[in-house]
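> Model the structure of this input:
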Amino acid sequence: MTDDPALDAVMSERRQLINLAYRMLGSLADAEDVVQETYARWYARSAEQRDAIDSPGAWLTTVASRICLDVLGSARARRERYVGEWIPEPLPDRRELTGPTATDPAERVTLDESVNMAFLVVLESMTPAERVAFVLHDIFRYPFPEVAAIVGRSPAACRQLASSARRRLTGSRAPVRAAPEHADVVRAFKDAWAAHDVAALIGLLDPDALAVADGGGVVTAQLDPVQGAARIAQLLVDIAAQVPGFTILERSVNGRPGVIAQLDGVTVVVMALHVEHDRITNVWAVRNPEKLRPWT
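Presented below is the predicted three-dimensional model:
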């Protein structure tokens, strides 16, 4: 513990910054890097310069947001070179896992509706400026004049950016909240997959369901999205049949009911599921082990 109130005030912003950066970037690893760089810039300033800052929290948020804006710009180029599909990094509910969690950044991400996978996937479709303006204003409630100072555009322009981002969300048809019965659908999906029951899986999937896998070129994964209940169901059963000892469990994924698969006690797949009208419309399967660090 430290007896320095100023240091305590600065370090207490860390949770807020992790939450902000994860929503902007969809990657916990990148969010950690952004926060580390933000604090490095803070401590690179002289004590006199730091003392002259009226609101350290606002300064840290501004710097972290600008770094995120830069990262988003370079991330587009990186993801064009990414092997297969890129899915945001899934987050566990730490209460469902065992082992030390006190220093894990995932423990500091609030699992609310703004981190469910369907929401994050739509955020990925936004331009960097749209995403930063929307996250700052609509999620963290920063007024547009402050957003404008961060993004480097006028308040009116930031208003337009946030409005454009909202239209993307509206067009995605993603509900704001998951209905309680969605957990029952996910449980039935888990049971059907574990039983290798193709017919039951088809009945749980929307006829036009879309499945996307992310292996990142590190492990084997379907490179292209798979559409259609029958094709997805058969693929899932084939995968389970090819891997003896595959254990399938229900787990919260980004605050929503989801499924994970383990092999010899190690999580090898995390599936986020989007449910509409009691049918699964989207399956996001993350296999890239670099994105599964919080699950091990």
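> contacts and neighbour counts: CA atoms only from here.
Fine.
> low-confidence ranges in the stretch 101-250 of the chain?
By pLDDT under 70, the low-scoring segments of the stretch 101-250 of the chain are 101-107, 173-179.
> What helices and strands are in contact with the helix ranked longest in the chain?
Looking only at the chain and at elements set by DSSP state H, the helix with the highest residue count is helix 56-80. Here helix 56-80 touches helix 5-11, helix 14-25, helix 28-44, helix 128-134, helix 144-151, going by 3 or more Cα pairs under 8 Å, 6 or more residues apart in numbering; DSSP states H and E.
> Next, the angle from it to helix 28-44.
For the pair helix 56-80 and helix 28-44, the angle between their directions (axes from the mean of the first three to the mean of the last three Cα atoms, to 10 degrees) equals 140 degrees.
> quick one: average confidence on helix 56-80?
Across helix 56-80, pLDDT averages out at 90.
> Following the chain past that helix, name the next helix or strand.
Using DSSP states H and E, the next helix or strand after helix 56-80 towards the C-terminus is helix 117-124.
> Show me what that next one is in contact with.
With Cα atoms under 8 Å, 6 or more residues apart in numbering as the contact definition, helix 117-124 has outside contacts at 23-24, 26, 87-88, 90, 113-114, 131, 165, 168-169, 172, 174, 253-254, 272, 274.
> Centre of the chain to it, how far?
Distance, stretch centre to chain centre, for helix 117-124: 7 Å (Cα atoms, centre = their mean, to the nearest Å).
> now swap in stretch 65-81 and tell me
For stretch 65-81, the distance from its own C-alpha centre to the chain's C-alpha centre is 15 Å (Cα atoms, centre = their mean).
> Quick check: buried residues in that stretch?
Using 16 or more other Cα atoms under 10 Å as the test for burial, stretch 65-81 gives 65-69, 71-72.
> how about those in CSV, adding distance to residue 119?
Shown next, in CSV, are the buried residues of stretch 65-81 (distance: Cα to Cα, whole Å):
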residue, distance to residue 119
65, 19
66, 22
67, 22
68, 18
69, 19
71, 20
72, 17
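> Quick check on the contacts of helix 117-124: which are buried?
In terms of neighbour count (16+ other Cα under 10 Å), the buried residues within the contacts of helix 117-124 are 23-24, 26, 87-88, 90, 113-114, 131, 165, 169, 253-254, 272, 274.
> Max pairwise distance over these: which two?
Comparing all pairs in the buried ones among the contacts of helix 117-124 by Cα to Cα, the longest separation belongs to 165 and 253, at 23.7 Å.
> Hmm, residue 18 is touching residue 31, no?
Yes - with contact defined as Cα atoms under 8 Å, residue 18 counts as touching residue 31 (5.9 Å).
> in which helix or strand would I find the residue of the chain most remote from its centre?
For the chain, the C-alpha lying farthest from the average C-alpha position belongs to residue 48; by Cα atoms, centre = their mean, that distance is 37.8 Å. With elements taken from DSSP H and E, the one containing residue 48 is helix 47-51.
> Quick check: buried residues in that helix?
Along helix 47-51, these residues count as buried under the neighbour rule (16+ other Cα under 10 Å): residue 50.
> Could you tell me how far that helix lies from the centre of the chain?
Relative to the chain's own centre, helix 47-51 is displaced by 35 Å; criterion: Cα atoms, centre = their mean.
> CA atoms only: put that helix into CSV for me.
The C-alpha trace of helix 47-51 is given here as CSV (Å, rounded to 0.1, in the frame of the first residue of the first chain):
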residue,chain,number,x,y,z
ALA,A,47,6.8,16.1,-10.9
GLU,A,48,6.1,19.8,-11.6
GLN,A,49,4.3,19.0,-14.9
ARG,A,50,2.2,16.3,-13.2
ASP,A,51,1.3,18.6,-10.3
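> for residue 279, what are its contacts?
Counting by Cα under 8 Å, 6+ apart, residue 279 touches 185, 204-206.
> next one: residue 23
For residue 23, the contacting residues are 114-115, 120, 135, taking Cα under 8 Å, 6+ apart as the criterion.
> and what of residue 145?
Taking Cα under 8 Å, 6+ apart, one finds 154-155 in contact with residue 145.
> and if you look at the one 3 residues further on?
The neighbourhood of residue 148, defined by Cα under 8 Å, 6+ apart, consists of 154-155, 157-158.
> ok, and the most crowded of these?
The most crowded member of the contacts of residue 148, judged by other Cα atoms under 10 Å, is residue 158 (26 neighbours).
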